[in-house]
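Visitor: give me a 3D structure for the following:
(one chain, ligands or ions: 1)
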Amino acid sequence: MEPTRTVSIIGTGSYVPEKVLTNQDLAKIVDTSDEWIHSRTGMRERHIAAADQATSDLGTEAAKAALADAGIDAEEIDLLFVATLSPDMFFPSTACFVQDKIGAKNAFCYDLGAACSGFLYSLETAKNQIACGAAKTALVIGAEKMSTFIDWEDRSTCILFGDGAGAAVIQAGGEGRGIMQAAMGSDGSLANLLWTPGGGSRNPISHEMIDQRQHYLKMQGREVFKHAVVRMAEAVNQALEKNNLRADEIKCFIPHQANIRIIDAIVKRLGIAGRVYTNVEKYANTSSAALAIAMDEAAKDGTIQQGDLVALTVFGGGFTWGANVLEWSKS
Ligand code: COA
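Guide: Sure, this is the predicted structure:
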């Protein structure tokens with residue numbers, strides 16, 4: 001294959017499980033209220049997967065929707081990523097489970113771990129593999145069953161997350177500039193502000209570890225909040241600069257859906273009021289699925305249209321962050 005420069009999104013899809021958990025429902029589980037949650041986060045409800053639904057099942061639904069939207073067969077996919085922090089198992093990868101479920105038998109498959117930033121990291125990685133000729137058509141999925149890994153006794157974290165999946169099919173070519181240059185970053189020195197400390201090789205599964213609830217997500221909310229605002233705003237500016245664009249040329253900004261106050265603070269820093277897509281009220285933070293779901297909804301409801309310039313930005317555990325800009329070439 002010849003190296004190519006333009007790589008575009010040709011289809012998107014998303015899926016959230018049927019069960020809705022409202023703030024009022026949460027108030028029956030932990031000491032909280034709809035007023036507290038909504039005023040601090042902008043969230044009203046989130047979707048929770050059924051006991052027999054694993055992350056790959058959510059990812060599969062989103063993948064099927066994206067393939068249908070792109071109008072291509074699963075056998076045309078030659079690269080398949082799942083970005084997730086809630087895999088079906090440590091191994092094999094959730095991507096391999098999705099491959100089997102959708103029949104993408106010509107794809108090579110792996111998971112990508114960048115916590116809530118995973119979808120944008122995957123999009124960037126897949127774009128580069130296509131641009132250099134290593135793959136032709138990629139299916140990039142962000143999928144999470146966060147409800148398995150959060151501590152339902154910890155009101156400071158359990159209210160924040162939901163389950164879901166989003167996907168995009170990307171291919172070489174397309175009108176316009178496609179997926180442009182990204183600005184990405186990480187800072188591992190801040191890992192302990194947002195992590196799941198137990199269950200891996202550092203702190204293996206044991207009765208003691210489980211009794212201490214170390215297998216659940218832990219977070220220093222205020223610290224994470226501050227870093228998220230600074231890093232996402234910075235990354236957007238860097239991505240705009242790399243692509244010789246100004247903020248006023250962007251039709252729609254789609255940030256990671258973690259908290260409406262984080263989004264509002266970014267909007268203020270960048271001066272982009274009225275051009276930001278949010279759905280955190282309906283789904284809460286679905287981690288690596290959040291950006292993918294928001295992008296799919298923005299495309300389907302007409303917020304973004306062919307020829308529009310769209311900026312994406314993410315932040316997550318690691319810390320990891322990034323932003324990129326794309327010219328929407330799908331009609
Ligand atoms: N309901 C009611 N009260 C709650 C609560 C809840 N669900 N969770 C925490 N509180 C209480 C705390 O115990 C604390 O009480 P105290 O003052 O008596 O100690 C008080 O509310 C303030 O807690 P604090 O954590 O300082 O609140 P905050 O204004 O920072 O909001 C978050 C908390 C988690 C909503 C906010 O920090 C946040 O969104 N951070 C970023 C999280 C995030 O997006 N993470 C993922 C990034 S990918």
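Visitor: and residue 330, what's its pLDDT?
Guide: Looking at residue 330, its pLDDT is 77.
Visitor: mind checking what secondary structure it has?
Guide: Following DSSP: H, G, I helix; E, B strand; the rest coil, residue 330 is assigned to coil.
Visitor: tell me which residues of stretch 179-194 come out buried.
Guide: Buried positions in stretch 179-194, judged by neighbour count with 16 or more other Cβ atoms under 10 Å: 179-180, 182-186, 190, 193-194. The C-beta positions use only the backbone N, C-alpha and C, and glycine is treated the same way.
Visitor: equivalent analysis for stretch 124-143, please.
Guide: Quick answer for stretch 124-143 (16+ other Cβ under 10 Å): 124-127, 129-131, 135-143.
Visitor: ok, now stretch 47-65?
Guide: 47-49, 53-65.
Visitor: now do stretch 101-112
Guide: For stretch 101-112, by 16+ other Cβ under 10 Å, it's 101-102, 104, 106-112.
Visitor: and stretch 16-36, by the same measure?
Guide: Going by 16+ other Cβ under 10 Å, stretch 16-36 has these buried residues: 16-17, 21, 23, 26-27, 32, 34.
Visitor: picking that back up, okay, and which of the buried residues of stretch 124-143 map to strands?
Guide: 137-143 (DSSP state E).
Visitor: CSV for those, including pLDDT and distance to the ligand?
Guide: Formatted as CSV, those follow (pLDDT from 0 to 100; distance: Cβ to the nearest ligand atom, whole Å):
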residue, pLDDT, distance to the ligand
137, 97, 30
138, 98, 24
139, 98, 24
140, 98, 19
141, 98, 18
142, 98, 13
143, 98, 16
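Visitor: pick the one among the residues you listed closest to residue 254.
Guide: residue 142 (12.6 Å; Cβ to Cβ).
Visitor: distance from the helix or strand where residue 235 lies to the middle of the chain?
Guide: Assessed by DSSP states H and E, residue 235 sits inside helix 221-242. Between the centre of helix 221-242 and the centre of its chain there are 16 Å (Cα atoms, centre = their mean, to the nearest Å).
Visitor: which other helices and strands contact it?
Guide: strand 183-186, helix 260-270, strand 309-316, strand 320-327 (3 or more Cβ pairs under 8 Å, 6 or more residues apart in numbering; DSSP states H and E).
Visitor: angle of that helix against strand 309-316?
Guide: Orientation check (axes from the mean of the first three to the mean of the last three Cα atoms, to 10 degrees): helix 221-242 against strand 309-316 gives 150 degrees.
Visitor: and the next helix or strand past helix 221-242?
Guide: Next element after helix 221-242 (DSSP H and E): strand 252-255.
Visitor: tell me the mean pLDDT over that following strand?
Guide: 98.
Visitor: let me see the ranges of the strands in the stretch 1-150 of the chain.
Guide: In the stretch 1-150 of the chain, strands defined by DSSP state E, counting those that start in this stretch lie at 7-15, 19-22, 45-48, 79-83, 108-112, 137-144, listed in chain order.
Visitor: could you give the angle of the last one to strand 7-15?
Guide: Translated: strand 137-144. 40 degrees.
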